Every structure is written in C-alpha cells, then in structure tokens.
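K.L.:
predicted model and sequence follow; I will ask about them next.
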Protein chains: 2
Amino acid sequence: MLLNFISQYRSVILYGVLLAVLLLLLRWLEWHFIIIDNSVELYAGGVAVVFTALGMWLYSKLSKPKTETLIIEKKVIIDPQNFEADNEALASTGLSKRELEVLQLMAKGLSNQDIADQMFVSLNTIKTHSSKVFEKLDVQRRTQAVDKAKKLRLIA
Amino acid sequence: MLLNFISQYRSVILYGVLLAVLLLLLRWLEWHFIIIDNSVELYAGGVAVVFTALGMWLYSKLSKPKTETLIIEKKVIIDPQNFEADNEALASTGLSKRELEVLQLMAKGLSNQDIADQMFVSLNTIKTHSSKVFEKLDVQRRTQAVDKAKKLRLIA
DNA sequence: ACAAGACTCATACTTTAGGGTGATTTTGCT
DNA sequence: AGCAAAATCACCCTAAAGTATGAGTCTTGT
C-alpha cells in the first residue's frame, strides 16, 4: 500500500525532496557568499530558473503524453477479381502456355531479364517467346502486345 | 520572418515577460512587506512554487504531441468502363499536361518516335518527358508506368 | 518584374528490346 | 516409333528505350 503510493508518486516526492535540498543549499550558500545588497534579485532569478526547469521536468513526468492521431488514407488497388479470359480469343491467337506466361509478366511491367529470372530460363529464351508473342498478336512492341491482349481479354 | 518567429516562440517570450514581471513584483513586495529576518526563505519558497507552476505551464505549451499514425486502407476497385480519372491521385503525382499526354500515348503502345510525330515535337523531347514520367511514378520502364498509371486511375 | 516550373531540344552514352537464324531437347499425339 | 509443335538456348546485329547533363524559351503566379 505505502510502497505502491511511493512508486506512484515518486516524481512528486522527489520534487519535494529536491525543493527542500535546494532551499537548504541556497540558504547555506547565502550564509557564505552572495549576500550582497541587491543580491536578492539574483537569488530570486536563480531560484526562478531552477524551479522553472524543475516544473518542466515534473510536468513531463506527471502529464500523460499528448497524442495526436494522424490519419493517412492509403489506397489499395483491387484488380477486377472476376476476370475470366476469353478462351475463344485466346485459342484463336495460337499462344502457347509459356508465351501466355511471358505476356502476363510483360503486362506487369517486368523486363525480359526479370521474366527470365522469374521463369527460371535464360534471357534468350524469353526473347524467343516474346518475339513469337508479337508475331501471333501481330504487333511490334511489348506495350502494344499488352494493350491488345487486354482488349482481347487474354489477360487481366 | 520576424512575425513567424514570434508566433512560434510565443510561449517562450511570454515566459520571459512573466519572469520579469514577477521578479519586479516580488521586489516591490519585499520593499513594502515581508522583510523580516528570515524572510528570504519564505521568499525563495514562494518563488520556487510559482516558477514550478510556470515551468509546468511552459512545458505544457512547448511539448510537441506525439504523433500517432493511423493508416486506413481505402479499397479501390478498377473497372475499365465509364472511366474517370482520379484527379486527386493525378495531382499527387505532379504530372504535367504534356507528361500525361505522353503517358496516355505510351499506354496505347506507341513508340517514342510515334509519340513525337503525333505531338509534333522531337524524339528527344519525348525522351525527356517520359523520363520525368518515370521519375514521378517511381518506375523504370514504360510498361511499369502504364501498369501503375492504370492502377492509380490516371489513365483509362 | 522576376522566380519557378514547364516545355523544348541537343549530345553523348548505356541498357534493354527486338529481329533473324540455327540448334538441341521435350512433349504430346497418332 | 515417329513426327510436329513447343521449349530451350546461343550468337549477332539493329533499333528503341532510358539516363545524364545542359541549355534556351515560354508561362504563370506573386
């Protein structure tokens, strides 16, 4: 009970003790040194500064931390989940499994090297695949291929 | 500049002023009343208490609230139909008119040369624009840029 | 009026993409 | 087993894309 009280108000108690000690110290000091005519102001100033600091410290210990909630809205993109490939169109292009895979990764913006790494084959293989994809989709560039594939609903 | 400084440190300045006023007040008081033999202790005690309070007040004004970030996920579903650009997202990217134009043409699968011809500017200009687009969208390749732009609903 | 940003273009250089050809190995099907 | 398509990879070469830097012009807002 008592211990509990002590631990809870340790800061307050410490403050009291400090106050007493400081005042005694000051008293001792005044007997020995700075009792000059208008030293009272200096004295008061010193006390003021010290106890201002003490008050700040006390408050920092006693006050509950101010919290300011900062709300950030983060957009999460949900791809159209109900995507279903147009298998008819897909078949008519004559794309093979691997070629379709390459096309899908292309659509994600991966480089040929990235795709090669991801599919565990060489860069040259991806080049071959992508060339065939372009042929079969009748386009020249990967960006065209992606655009066309999306329009034909070959990929999401 | 000066006003800014003043408003920012208003509390500190107020503290200084209060300190001065209080000390003057105490000095005035000491001349008229409580100059008793051992009044210096009372005086110091009073000053201590007052300035402890002042310190606490000061701290309460100066202490910055701890910010607590709360991230709210806002789900966005993409549907290519009835497309309307997310102007907020668009603004936050800082894309200029021309950069957006380039991005849109990129999405159609056009080469830089095609875009240059269509916009009646040089190939180098398109390169500059596209580089800026990549920077602002934080991507490396045009395919990534197109993919990201679509997810952010910057383009159709 | 002037500062900032946007727009334009150039030059030089590096990296990635794409085309052409050929070769070997797998796989699926009859 | 045998054939055709698919898949893998290599080499060479060209085209396109991308990076970096600098610089001049044009708008626009304060």
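P.N.:
Ah, there it is.
K.L.:
element containing the residue nearest to residue A:63 when sequence neighbours are not counted?
P.N.:
Counting by CB to CB, 6 or more residues apart in numbering or on different chains, residue B:60 is the residue found nearest to residue A:63 once chain neighbours are left out, at 6.8 Å. In this view, the C-beta of every residue, glycine as well, is placed from N, C-alpha and C. Using DSSP states H and E, residue B:60 maps to helix B:39-62.
K.L.:
do the same with residue A:95
P.N.:
Residue-wise, residue A:95 maps onto no helix or strand under DSSP H and E.
K.L.:
what's near enough to touch the residue of chain A found nearest chain B?
P.N.:
Scanning chain A for the residue nearest chain B gives residue A:55, at 2.4 Å (criterion: CB to the nearest CB). Residues near residue A:55 by CB atoms under 8 Å, 6 or more residues apart in numbering or on different chains: B:51-59.
K.L.:
separate out the buried members of the residues you listed.
P.N.:
B:51-52, B:54-59 (16 or more other CB atoms under 10 Å in any protein chain shown).
K.L.:
quick one, which of these has the minimum pLDDT?
P.N.:
For these, the least confident position by pLDDT is residue B:59, scoring 69.
K.L.:
for the closest residue to the residue of chain A closest to chain B other than its chain neighbours, give its distance to residue A:61.
P.N.:
In space, and not counting its chain neighbours, residue A:55 is closest to residue B:55: 2.4 Å by CB to CB, 6+ apart. Noted for residue B:55: a distance of 12 Å to residue A:61, by CB to CB, to the nearest Å.
K.L.:
with residue A:102 instead?
P.N.:
Taken as CB to CB, the span from residue A:102 to residue A:61 is 64 Å.
K.L.:
so which helix or strand takes in the closest residue to residue A:129 other than its chain neighbours?
P.N.:
Closest residue to residue A:129 apart from its sequence neighbours, by CB to CB, 6+ apart: residue A:102 at 4.4 Å. Taking DSSP H and E as the definition, residue A:102 sits inside helix A:97-107.
K.L.:
ok, back up a step: name the nearest of the buried ones among the contacts of residue A:55 relative to residue B:109.
P.N.:
residue B:59 (62.4 Å; CB to CB).
K.L.:
now the buried ones among the contacts of residue A:55 as a markdown table including distance to residue B:141?
P.N.:
Below are the buried ones among the contacts of residue A:55 laid out as a markdown table (distance: CB to CB, whole Å):
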| residue | distance to residue B:141 |
| --- | --- |
| B:51 | 64 |
| B:52 | 64 |
| B:54 | 62 |
| B:55 | 59 |
| B:56 | 58 |
| B:57 | 58 |
| B:58 | 55 |
| B:59 | 53 |
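K.L.:
what's the neighbour count on residue A:101?
P.N.:
16 (other CB atoms under 10 Å in any protein chain shown).
K.L.:
you'd agree residue A:139 is in a helix?
P.N.:
No. Read with DSSP: H, G, I helix; E, B strand; the rest coil, residue A:139 is coil and lies in no helix.
K.L.:
that one: what's it in contact with?
P.N.:
A:145, A:148, B:109.
K.L.:
what about residue A:76, which SS state?
P.N.:
strand.
K.L.:
quick check: it touching residue B:73?
P.N.:
Yes. Between residue A:76 and residue B:73 there is a contact under CB atoms under 8 Å: 4.8 Å.
K.L.:
now, which of the contacts of residue A:139 sits nearest DNA strand C?
P.N.:
residue A:145 (7.2 Å; CB to the nearest atom of the strand).
K.L.:
isn't that closest one up against residue A:138?
P.N.:
No. Using CB under 8 Å, residue A:145 makes no contact with residue A:138, being 9.5 Å away.
K.L.:
which one's more surrounded, those two?
P.N.:
Between residue A:145 and residue A:138, residue A:145 has the larger neighbour count (other CB under 10 Å), namely 25 against 10.
K.L.:
residue numbers of chain A in contact with DNA strand D?
P.N.:
Listed as neighbours of DNA strand D in chain A under the rule CB under 7 Å from any atom of the strand: A:94, A:96-99, A:119, A:121-125, A:127-129, A:141.
K.L.:
please, which helix or strand holds residue A:71?
P.N.:
Going by DSSP H and E, residue A:71 is part of strand A:67-78.
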